[in-house]
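Visitor: Structural data only, the sequence is not supplied:
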């Protein structure tokens with residue numbers, strides 16, 4: 001008789017395996033840790049692709065192959081581990097209740113854009129819109145200074161300057177430049193960050209954790225400590241689909 005391993009414990013086991021693999025190889029090929037009635041099995045599914053399109057096709061093929069493998073082995077839970085690119089998400093004002101924030105506008109000298117948004121009670125900035133070029137008088141059309149616009153506005157607007165404003169503007173500008181480039185690949189994003197992503201599923205819930213890939217100048221790369229294991233409300237992307245044979249039935253309950 002086998003002992004069922006809790007999903008979070010399976011995530012931690014996969015994290016230790018990833019650390020050992022990265023320490024030995026300097027990289028991680030996608031692998032799976034699968035819990036079955038016969039015991040734990042490990043599957044390696046490296047991705048070999050010369051283009052973004054080829055990579056997507058390969059990932060789709062892996063998904064279908066793993067779906068069949070999980071079915072054949074009557075898998076009850078699994079964890080998928082793979083290297084990934086990520087960027088820091090900039091929060092949008094659409095995430096905020098109207099009565100829990102104040103309006104702000106950035107003022108970064110010589111920047112081609114400024115950000116209009118709202119600050120919540122804890123001090124976090126949420127982006128509403130991007131303003132290109134200097135503000136203009138609605139009657140004369142002449143360029144105005146942000147200081148004058150804020151001073152004469154019918155509502156209170158915070159003028160955000162310094163490192164806080166510069167950081168937000170640089171992130172939005174980087175995002176705009178990346179989208180203009182049109183590749184759609186996070187590997188091309190100027191603010192990209194390497195990480196090892198760890199997804200776990202038991203057909204009823206999904207767990208997610210990660211470890212950053214640290215590359216110190218002149219030193220050996222290594223993985224950061226395992227993040228907090230989270231239960232995301234929403235999973236997006238190619239790997240969001242639950243491949244377990246019991247997932248569809250569980251979703252209906």
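Guide: Yes, it's here. Owing to the predicted nature of the structure, the values given are computational and were not obtained by experimental measurement. Residues are numbered from 1 along each chain as shown.
Visitor: only C-alpha atoms for contact and neighbour calcs from this point on.
Guide: OK.
Visitor: all strands of the chain, in order?
Guide: Taking DSSP state E to define them, one finds strands in the chain at 31-36, 39-44, 77-86, 101-106, 113-120, 125-132, 157-160, 193-201, 206-214, 222-223.
Visitor: Relative to residue 178, tell me which of those strands wins on proximity.
Guide: strand 77-86 (13.3 Å; C-alpha to C-alpha).
Visitor: which residues sit against the closest one?
Guide: For strand 77-86, contacts defined as C-alpha atoms under 8 Å, 6 or more residues apart in numbering pick out 7, 10-11, 14, 18, 27-36, 186-187, 192-203, 244.
Visitor: Filter these down to the buried ones, ChimeraX style.
Guide: Entered in ChimeraX, the line below selects the buried ones among the contacts of strand 77-86, by 16 or more other C-alpha atoms under 10 Å:
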select :7,10,11,14,18,27,28,29,30,31,32,33,34,35,36,186,193,194,195,196,197,198,199,200,201,202,203,244
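Visitor: Buried ones in stretch 165-174, by neighbour count?
Guide: Buried-residue list, stretch 165-174, by 16+ other C-alpha under 10 Å: 165, 166, 168, 169, 170, 171, 172, 173.
Visitor: ok, now stretch 78-91?
Guide: Applying 16+ other C-alpha under 10 Å to stretch 78-91 flags 78, 79, 80, 81, 82, 83, 84, 85, 86 as buried.
Visitor: Reformat these into JSON lines and put distance to residue 47 next to each item.
Guide: JSON lines is the format used below for those (distance: C-alpha to C-alpha, whole Å):
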{"residue": "78", "distance to residue 47": "19"}
{"residue": "79", "distance to residue 47": "17"}
{"residue": "80", "distance to residue 47": "13"}
{"residue": "81", "distance to residue 47": "12"}
{"residue": "82", "distance to residue 47": "10"}
{"residue": "83", "distance to residue 47": "10"}
{"residue": "84", "distance to residue 47": "12"}
{"residue": "85", "distance to residue 47": "15"}
{"residue": "86", "distance to residue 47": "18"}
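Visitor: Which single one of these is nearest to residue 152?
Guide: The closest of the buried residues of stretch 78-91, once distances to residue 152 are taken by C-alpha to C-alpha, is residue 86, at 40.6 Å.
Visitor: so what's the closest one bridging to?
Guide: Counting by DSSP bridges, residue 86 forms beta bridges with residue 193.
Visitor: same thing with residue 115?
Guide: Where residue 115 sits in a bridge, its partners, by DSSP bridges, are residue 130.
Visitor: and the gap between it and residue 147?
Guide: 14 Å (C-alpha to C-alpha, to the nearest Å).
Visitor: Over to residue 202?
Guide: From residue 202 to residue 147 the distance is 55 Å (C-alpha to C-alpha).
Visitor: State the pLDDT value of the residue nearest to residue 178 when sequence neighbours are not counted.
Guide: Residue nearest to residue 178 in three dimensions, not counting chain neighbours: residue 189, with 5.7 Å by C-alpha to C-alpha, 6 or more residues apart in numbering. Listed pLDDT for residue 189 reads 78.
Visitor: in this structure, which spans are helices?
Guide: 7-25, 52-72, 146-152, 162-181, 247-252 (DSSP state H).
Visitor: ranking the ones you listed by burial, who's on top?
Guide: Counting by mean count of other C-alpha atoms under 10 Å, helix 7-25 has the highest mean neighbour count of the helices of the chain, with a mean of 17.
Visitor: tell me which residues form a beta bridge with the nearest residue in space to residue 23 that is not next to it in sequence?
Guide: Excluding the flanking residues, the one nearest residue 23 by C-alpha to C-alpha, 6+ apart is residue 222, at 6.7 Å. Applying DSSP bridges to residue 222 gives these bridge partners: residue 214.
Visitor: show me the contacts for residue 222.
Guide: Counted by C-alpha under 8 Å, 6+ apart, residue 222 has contacts 19, 22, 23, 26, 213, 214, 215.
Visitor: how about the residue nearest to the fourth one when sequence neighbours are not counted, what does it touch?
Guide: Okay, so that is residue 26. Leaving aside its sequence neighbours, residue 26 sits nearest to residue 221 (C-alpha to C-alpha, 6+ apart; 7.0 Å). By C-alpha under 8 Å, 6+ apart, residue 221 lies in contact with 26, 213, 214, 215.
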